[in-house]
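1. Here you go, sequence then predicted model.
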Amino acid sequence: SKAKSEKPVATRDVAMRTDASDPDADWLASLSARERALAERLRTAIDNEDLAAIKALAKDTRNAQDDELRSRMVDALAWFDDKVLVELTPFIGDSNPEIAKAAFNAWDSAVDMVDDEKFRVEAATMVMQTLTDEDSLRLAATKLEACEDSKTALKAAVEIAANDGNPAAAAVARDVYEFITGEEWPGAPLARVKTITFKPDGESEDESP
């Protein structure tokens with residue numbers, strides 16, 4: 001009876017692995033039942049160019065154990081540019097460096113399409129707080145340096161620079177502070193004071209005692 005109970009499952013798995021009409025058969029067969037269901041739903045959403053379905057799957061897929069599944073989600077999101085910045089951002093911190101880099105590259109292109117400067121600053125701030133790779137950090141920092149609303153960008157730079165939890169991001173953010181103000185980083189307490197009185201034309205009033 002044990003052999004009979006296992007036979008349908010074994011037959012189904014073999015059928016999936018040998019189905020020449022589906023190039024993903026071997027991959028799908030290797031997944032857990034939960035992740036296989038996610039993969040199938042993702043494939044359907046991609047085939048239908050269903051943005052809403054892809055966005056809905058992003059959170060569950062982000063926590064998937066299978067690298068290929070997470071990679072395919074990033075590729076799917078990348079097709080929709082600035083419409084999926086929120087969903088792309090968590091993948092930038094992926095444990096697989098290749099997936100993380102692909103997500104960042106997609107984010108980097110997409111964020112430049114956003115007209116709302118405040119949103120771009122918020123997006124750059126969020127991403128810089130999760131990045132540790134210096135090259136990616138400096139690319140993200142250019143979003144702050146290019147912001148016409150320099151005071152808003154400066155506030156974001158101070159927020160990141162004052163965060164001791166990510167030394168790499170803090171170091172790059174201090175460079176952004178110096179780029180915007182033309183002054184060396186004075187330390188978090190004084191930087192916050194200077195930000196309050198910062199003049200967009202590059203002048204600032206020192207309110208320190």
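-> Yep, that arrived.

2. Tell me the buried residues in stretch 43-59?
-> 45, 46, 51, 53, 54, 55, 57, 58 (16 or more other Cβ atoms under 10 Å). In this view, the C-beta of every residue, glycine as well, is placed from N, C-alpha and C.

3. Can you read off the pLDDT for the first one?
-> To tie it back to what came earlier, the one meant is residue 45. At residue 45 the predicted local confidence, pLDDT, stands at 96.

4. and if you look at the fourth one?
-> The predicted local distance difference test score for residue 53 is 96.

5. Check which helix or strand it maps to.
-> Element membership for residue 53 (DSSP states H and E) is helix 51-62.

6. list the contacts for the residue nearest to the spatial centre of the chain?
-> If you average the C-alpha coordinates of the chain and look for the closest C-alpha using Cα atoms, centre = their mean, you land on residue 89, 2.2 Å from that point. Taking Cβ atoms under 8 Å, 6 or more residues apart in numbering, we find residue 89 in contact with 103, 107, 123, 126, 127, 130.

7. Equivalent analysis for residue 74, please.
-> By Cβ under 8 Å, 6+ apart, the contact list for residue 74 reads 88, 91, 99, 102, 103, 106.

8. Name the next helix or strand downstream of the helix or strand of the chain with the lowest mean pLDDT, please.
-> Taking all helices and strands of the chain together, the one with the lowest average confidence (mean pLDDT, DSSP states H and E) is helix 2-18, at a mean of 37. On the C-terminal side of helix 2-18, the nearest following helix or strand under DSSP H and E is helix 25-30.

9. Which elements pack onto the helix or strand just after that following helix?
-> Scanning forward in sequence from helix 25-30 by DSSP H and E, the next helix or strand is helix 33-47. Using 3 or more Cβ pairs under 8 Å, 6 or more residues apart in numbering; DSSP states H and E as the contact criterion, the neighbours of helix 33-47 among helices and strands are helix 25-30, helix 51-62, helix 67-78.
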